[in-house]
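Undergrad: take a look and give me a structure for this.
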Amino acid sequence: MKIRFGYVAQSISLWDASPSKTITWTRYQQLSEKEKREKLLQITMQNLDHSLRMLYFNIAHEIELYRFSSSIVPLATHPNVRWDFITPFREKWHEIGELVKKKQLRISFHPNQFTLFTSNKSEITKNAVTDMEYHYQMLEAMGLQHDGLINIHIGGAYGEKKKTIARFHHNLQTLPTYVKKVMTLENDDKTYNAEETLSACIEENIPFIFDYHHHMANRCEKPLEELIPLSFETWKGFAQPPKIHISSPKSDKEFRSHADFVDLDFILPFVKLLQELKHDVDFMIEAKAKDQAMLKLIADISKIRGIKRISGGCIELK
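TA: This is a model prediction of the structure:
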């Protein structure tokens, strides 16, 4: 079996390469109409160029997984801005998408924690739909709407977990079908555990992204030996293998916070379980040190007997 590795948004090995540069609403209001447009265009182009830099960095290091920044377009979903961020950059979006296709990279987005479908306030649900559509527009502009995925959490329980999960399923009906087709759900570290999130995925017929660190912070009754094979079932029909999020605690006191690097001892029991299941998977590394944490983990794990590094970003387990 094989495990491919990837990281989130920005390679910190590259100088001044953030793909998430932005402008605040307060600052935006202070500009003239001409300056507003110029600023939006300038920041977006810079973020697109930096996203492209990241892809070339990944290709050079044989890293096949990458999560784009959700903040490529400044103020994209702000109700008082809402601007056309596709047309002025059509060639650049296309260039990025063509590179992803040519090198067969696996890409995704992960909207922030405010994109949720559990609220009893219709405005929040409406904003969640807007944000999901924004991410889909970026995939579509790159020509990757049939390849990329948009991952979110279920959201808060508001003190009524059963009633709230029912509301989640109801509110999710407002999401356009074409967006839902590229949606995934991930278990979280406080509220909806892996078993509950998997159940929601099965009901909605969408893939489940298992987060090991979140699971260790918010465990469920079903053992991993049963849960992981069931989670793999939700990926049937997809060309790519199941995706798993990997990180480790910052400390015992700050267990839910992500450490700079990934503690090999923390994830090793899980890796051994996957080795027994003999099923290819992809690891998205969510450590603070991003690409450096990913590359260190690959180097560290490759030293274990029975594990062989077969490329810059992939290992093979016998």
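
Undergrad: if I look at Ile304, how far off is Tyr7?
TA: 21 Å (CB to CB, to the nearest Å). (C-beta placed from N, C-alpha, C; glycine too.)

Undergrad: now the residue positioned nearest the centre of the chain: closest residue in space that isn't a chain neighbour?
TA: Centroid-nearest residue in the chain: His110, 3.8 Å away (criterion: CA atoms, centre = their mean). Nearest residue to His110, sequence neighbours excluded (CB to CB, 6 or more residues apart in numbering): Asn151, at 4.8 Å.

Undergrad: beta-bridge partners for that neighbour, please?
TA: Beta bridges link Asn151 to Thr184, judged by DSSP bridges.

Undergrad: re earlier: between Ile304 and Tyr7, who's got more neighbours?
TA: Tyr7 (26 against 15; other CB atoms under 10 Å).

Undergrad: helix, strand, or coil at that one?
TA: Under DSSP: H, G, I helix; E, B strand; the rest coil, Tyr7 falls in the strand class.

Undergrad: equivalent analysis for Glu316, please.
TA: Relying on three-state DSSP, one would call Glu316 strand.

Undergrad: quick check, it in contact with Met1.
TA: Yes - look at Glu316 against Met1 with CB atoms under 8 Å: they come within range, at 7.3 Å.

Undergrad: please tell me how far Leu295 sits from Arg37.
TA: Applying CB to CB to Leu295 and Arg37 gives a distance of 40 Å.

Undergrad: actually His213, sorry about that
TA: From His213 to Arg37 the distance is 42 Å (CB to CB).

Undergrad: and if you look at Ala76?
TA: Distance from Ala76 to Arg37, by CB to CB: 14 Å.

Undergrad: so which residues of this protein form helices?
TA: 25-29, 33-60, 90-102, 122-141, 161-171, 177-180, 194-204, 212-217, 224-233, 264-277, 290-301 (DSSP state H).

Undergrad: so which of those comes closest to Arg256?
TA: Closest to Arg256 of the helices of the chain is helix 212-217 (CB to CB; 5.1 Å).

Undergrad: average pLDDT across the closest one?
TA: Average pLDDT, helix 212-217: 98.

Undergrad: and if you look at stretch 143-162?
TA: Rounded mean pLDDT across stretch 143-162 is 94.

Undergrad: report the distance from that stretch to the chain centre.
TA: Put simply, stretch 143-162 sits 10 Å off its chain's centre (CA atoms, centre = their mean, to the nearest Å).

Undergrad: C-alpha coordinates for stretch 116-123, PDB please?
TA: Output of stretch 116-123 as PDB, limited to C-alpha atoms (Å, rounded to 0.1, in the frame of the first residue of the first chain):
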ATOM      1  CA  LEU A 116     -21.600  25.600   8.500                       C
ATOM      2  CA  PHE A 117     -25.100  24.300   8.000                       C
ATOM      3  CA  THR A 118     -26.200  23.700  11.600                       C
ATOM      4  CA  SER A 119     -27.400  27.100  12.600                       C
ATOM      5  CA  ASN A 120     -31.000  28.000  13.200                       C
ATOM      6  CA  LYS A 121     -30.400  31.400  11.600                       C
ATOM      7  CA  SER A 122     -31.100  31.400   7.900                       C
ATOM      8  CA  GLU A 123     -28.600  34.200   7.300                       C
END
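
Undergrad: quick one: the spatially closest residue to Glu64 that is not a sequence neighbour from Ile228, how far?
TA: Counting by CB to CB, 6+ apart, Glu64 lies nearest to Arg4, which is 5.1 Å off, once chain neighbours are set aside. The spacing between Arg4 and Ile228, counted by CB to CB, is 17 Å.
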